[in-house]
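Undergrad: predicted model and sequence below, questions to follow.
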Amino acid sequence: MKYIYTSNAHLWSFPLELYVRDVNFFCFNWHPEYELTILLKGKVTLCMDGNIHKIRENDVYLVNSNRGHAVVSEEKESTALVFHFSPEYFTQTEPSHTKLEFACISNQTNRDEQRFVALRQYAAQMMLAALFDTPSSRFILRGAFNMLLGTLLSGFPVKQSPMIESPRDRKNMKTIQTVTDWLEKNFDKKVTLGAAAKVARYNRTYFSSFFRRNVGISFYDYLTRIRFRHAMYQFNNTNHSLTDIAADCGFPDLKTFSSYYKKTFHEPPSVQHRAIDTSSFAPVRENERIYLDTSASDIEEKLRDFARLNPPVPSSQLKPEVTPPDKFDRIVALCEQLMAVAKQSC
């Protein structure tokens with residue numbers, strides 16, 4: 001089984017990571033690498049740059065370096081192909097390509113455009129090549145990666161951000177991180193906007209707009225999603241009652257939890273909870289990524305569908321290619337010349 005591909009020092013110059021995961025983890029985060037995500041199955045919501053994007057199956061989005069973002073699944077089984085790579089891959093080829101920011105996010109109106117098709121194709125080729133540790137697969141992986149970078153540069157709006165982030169930007173991100181870390185430790189308690197504002201050292205009114213501007217959703221919406229994520233972990237991995245789960249995760253009552261569950265999954269939690277056999281779940285730690293086996297039939301089939309340049313043509317429809325006589329004569333003449341050269345060298 002293959003779960004994750006991480007770059008090897010002797011093959012790659014900078015960090016690179018490629019994997020398929022279950023979109024179950026919700027938190028606000030940022031990292032120095034670019035993050036290219038292709039949704040293989042399901043529905044998710046992306047919060048980024050103060051905006052909310054509805055991501056659907058086959059959609060592609062790129063998170064730029066050090067850009068704050070959060071993703072939450074809207075369905076039970078949302079699956080994504082995720083690719084992290086260092087900005088230095090651009091600068092090693094072209095030194096002037098520093099701090100590049102791409103506008104790359106698809107939706108129902110443009111997801112079938114050739115540029116997005118190409119990104120899905122090259123990312124899938126990389127993931128499939130990573131399944132096999134052979135010399136040829138390494139060439140395919142590197143070649144597809146270079147084509148993916150070329151597609152980003154040629155197919156999407158790109159700008160060069162300032163070389164150094166302003167102290168204000170760094171301070172804002174640090175403040176958000178402090179608050180979200182605090183929420184992770186206190187989500188199961190009675191949390192108020194005023195208490196969080198004190199953690200951020202802002203007044204209540206300013207903090208409310210500050211949080212929405214930097215995270216993309218309101219403070220209470222973020223808190224509810226954190227509570228719901230913890231509740232879903234208990235829901236899927238314990239035998240606790242729904243009432244206990246709601247109370248343990250900070251929901252004021254079972255009705256509030258059930259309403260949010262039904263809004264997200266379009267059915268009451270009691271339906272799924274009765275059907276779950278917790279003994280069938282592989283043990284996982286809460287708040288960790290769940291990597292999926294990329295060689296599983298459904299995932300590999302999806303990747304191969306993305307990676308295929310053209311749909312296969314049935315053999316019955318194939319027409320034999322006829323070489324024109326003049327072209328054939330030139331080929332024969334060339335072969336004779338090569339044979340003559342070979343004899344002279346003997």
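TA: That came through fine.

Undergrad: quick one: neighbours of Lys263, just the number.
TA: Applying the criterion other Cβ atoms under 10 Å, we find 9 residues in the vicinity of Lys263. Every residue, glycine included, has its C-beta placed from N, CA and C.

Undergrad: same deal with the one 5 residues further on?
TA: Using other Cβ under 10 Å, Pro268 is surrounded by 13 other residues.

Undergrad: leaving out the residues flanking it, which one is nearest to it?
TA: On the basis of Cβ to Cβ, 6 or more residues apart in numbering, the spatially nearest residue to Pro268 that is not a chain neighbour turns out to be Lys262, at 5.4 Å.

Undergrad: what does Glu33 give?
TA: Leaving aside its chain neighbours, Glu33 sits nearest to His84 (4.3 Å; criterion: Cβ to Cβ, 6+ apart).

Undergrad: Asp253 too?
TA: Ala246 (6.6 Å).

Undergrad: the one you found touches Thr256, doesn't it?
TA: Yes - at 7.1 Å, Ala246 and Thr256 qualify as touching, with contact defined as Cβ atoms under 8 Å.

Undergrad: what about those two, which has more around it?
TA: Regarding Ala246 and Thr256, a neighbour count based on other Cβ under 10 Å identifies Ala246 as having more, with 24 against 14.

Undergrad: helix or strand: which one has that one?
TA: Assigning secondary structure by DSSP states H and E places Ala246 in helix 242-248.

Undergrad: ok, then the element right after that helix?
TA: helix 254-265.

Undergrad: for that next one, which outside residues touch it?
TA: Applying Cβ atoms under 8 Å, 6 or more residues apart in numbering, the external contacts of helix 254-265 come out as 74-76, 224, 228, 231, 242-243, 245-246, 249, 251, 268-270, 272.

Undergrad: hey, where'd the strands end up in this structure?
TA: Per DSSP state E, the chain carries strands over the ranges 4-6, 16-22, 34-41, 43-48, 51-56, 60-63, 69-73, 79-85, 100-102, 158-160, 290-291.

Undergrad: weakest of those strands by average pLDDT?
TA: Per-stretch averages of pLDDT across the strands of the chain put strand 4-6 at the bottom, with a mean of 69.

Undergrad: show me the contacts for Asp188.
TA: Asp188 makes contact with 227, 230, 248-250, according to Cβ under 8 Å, 6+ apart.

Undergrad: whichever of the residues you listed end up buried, select them in PyMOL.
TA: Buried residues within the contacts of Asp188, as defined by 16 or more other Cβ atoms under 10 Å, are selected in PyMOL through the command that follows:
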select buried, resi 227+230+249+250
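
Undergrad: among the contacts of Asp188, which two are most distant?
TA: Within the contacts of Asp188, two members stand farthest from each other by Cβ to Cβ: Arg227 and Asp248, at 9.6 Å.

Undergrad: what about the protein, any weak spots by pLDDT?
TA: Within the chain, the ranges that satisfy pLDDT under 70 run 1-4, 7-11, 24-28, 162-167, 272-289, 309-346.

Undergrad: is the residue most central in space within it in a bridge, and if so with what?
TA: With distances taken as Cα atoms, centre = their mean, Thr37 lies nearest the centre of the chain, 2.8 Å away. Beta-bridge pairing of Thr37, defined through DSSP bridges, involves Tyr61, Val82.

Undergrad: what subset of the contacts of helix 254-265 is buried?
TA: If we count by 16+ other Cβ under 10 Å, the contacts of helix 254-265 have these buried: 74, 224, 228, 231, 242, 245-246, 249, 251, 269.

Undergrad: got the residues you listed as TSV, with distance to Thr294 columns?
TA: As requested, those are arranged in TSV below (distance: Cβ to Cβ, whole Å):
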residue	distance to Thr294
Glu74	23
Thr224	32
Phe228	28
Ala231	29
Leu242	34
Ile245	32
Ala246	35
Cys249	32
Phe251	35
Pro269	31
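
Undergrad: closest to Glu184 among the residues you listed?
TA: When the buried ones among the contacts of helix 254-265 are compared against Glu184 (criterion: Cβ to Cβ), the nearest one is Cys249, at 12.1 Å.

Undergrad: before we move on, back to that, using JSON lines, please lay out the strands of the chain together with distance to Gly143.
TA: Converted to JSON lines, the strands of the chain look like this (distance: least, Cβ to Cβ, whole Å):
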{"stretch": "strand 4-6", "distance to Gly143": "15"}
{"stretch": "strand 16-22", "distance to Gly143": "14"}
{"stretch": "strand 34-41", "distance to Gly143": "17"}
{"stretch": "strand 43-48", "distance to Gly143": "29"}
{"stretch": "strand 51-56", "distance to Gly143": "28"}
{"stretch": "strand 60-63", "distance to Gly143": "20"}
{"stretch": "strand 69-73", "distance to Gly143": "29"}
{"stretch": "strand 79-85", "distance to Gly143": "15"}
{"stretch": "strand 100-102", "distance to Gly143": "21"}
{"stretch": "strand 158-160", "distance to Gly143": "22"}
{"stretch": "strand 290-291", "distance to Gly143": "25"}
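
Undergrad: how about the contacts made by the residue lying closest to Ala144 once chain neighbours are set aside?
TA: Nearest-residue entry for Ala144: Gln125, 4.0 Å, with adjacent residues in sequence omitted and distances by Cβ to Cβ, 6+ apart. Applying Cβ under 8 Å, 6+ apart, we find Gln125 in contact with 140-141, 144, 307.

Undergrad: thanks a lot, see you next time.
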